[in-house]
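> predicted model and sequence follow; I will ask about them next.
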Amino acid sequence: MSCRGYQCARARRAARRQQLQAEYRLNAALKAAINGECNEKAPVLSLNRRPMDRVTKALSVRRTYAVN
């Protein structure tokens, strides 16, 4: 029993991956040259929020929609 078929497929996948990465790097360089370098990064979004008590939340919503 040999692993020849597996090694061949693995080599093909590695070659294809290298080709795609080279194309991606070339495209990224061309886009940067055409559109200009952008050093700004997108802000990091966070899903952390402080837990709120149900009563406190209900009172805050009630105060928001209260008609005077």
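Structure received.

> what is the rounded mean pLDDT of the longest helix anywhere in the chain?
Ranked by residue count, the top helix of the chain under DSSP state H comes out as helix 4-35. Here helix 4-35 scores 89 as its mean pLDDT.

> same question for stretch 46-61.
Across stretch 46-61, the average pLDDT comes to 82.

> and that stretch, what's buried?
Applying a neighbour-count criterion of 16 or more other C-beta atoms under 10 Å, stretch 46-61 contains no buried positions. C-beta coordinates here come from the backbone N, C-alpha and C atoms, glycine included.

> please enumerate residues in contact with it?
If you take C-beta atoms under 8 Å, 6 or more residues apart in numbering as the criterion, stretch 46-61 is touched by no other residue.

> output it as PDB, nothing but the C-alphas.
Once side chains and other backbone atoms are set aside, the C-alpha atoms of stretch 46-61 remain, and they are given as PDB (Å, rounded to 0.1, in the frame of the first residue of the first chain):
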ATOM      1  CA  SER A  46     -16.500  44.900  19.800                       C
ATOM      2  CA  LEU A  47     -19.500  43.000  21.000                       C
ATOM      3  CA  ASN A  48     -18.700  43.600  24.600                       C
ATOM      4  CA  ARG A  49     -21.400  45.500  26.500                       C
ATOM      5  CA  ARG A  50     -22.300  45.800  30.100                       C
ATOM      6  CA  PRO A  51     -25.100  43.600  31.300                       C
ATOM      7  CA  MET A  52     -28.200  45.600  32.200                       C
ATOM      8  CA  ASP A  53     -30.800  44.600  34.700                       C
ATOM      9  CA  ARG A  54     -34.300  44.000  33.200                       C
ATOM     10  CA  VAL A  55     -35.900  46.600  35.500                       C
ATOM     11  CA  THR A  56     -33.300  49.200  34.600                       C
ATOM     12  CA  LYS A  57     -33.700  48.600  30.900                       C
ATOM     13  CA  ALA A  58     -37.500  48.800  31.200                       C
ATOM     14  CA  LEU A  59     -37.300  52.100  33.000                       C
ATOM     15  CA  SER A  60     -34.900  53.500  30.500                       C
ATOM     16  CA  VAL A  61     -37.100  52.600  27.600                       C
END
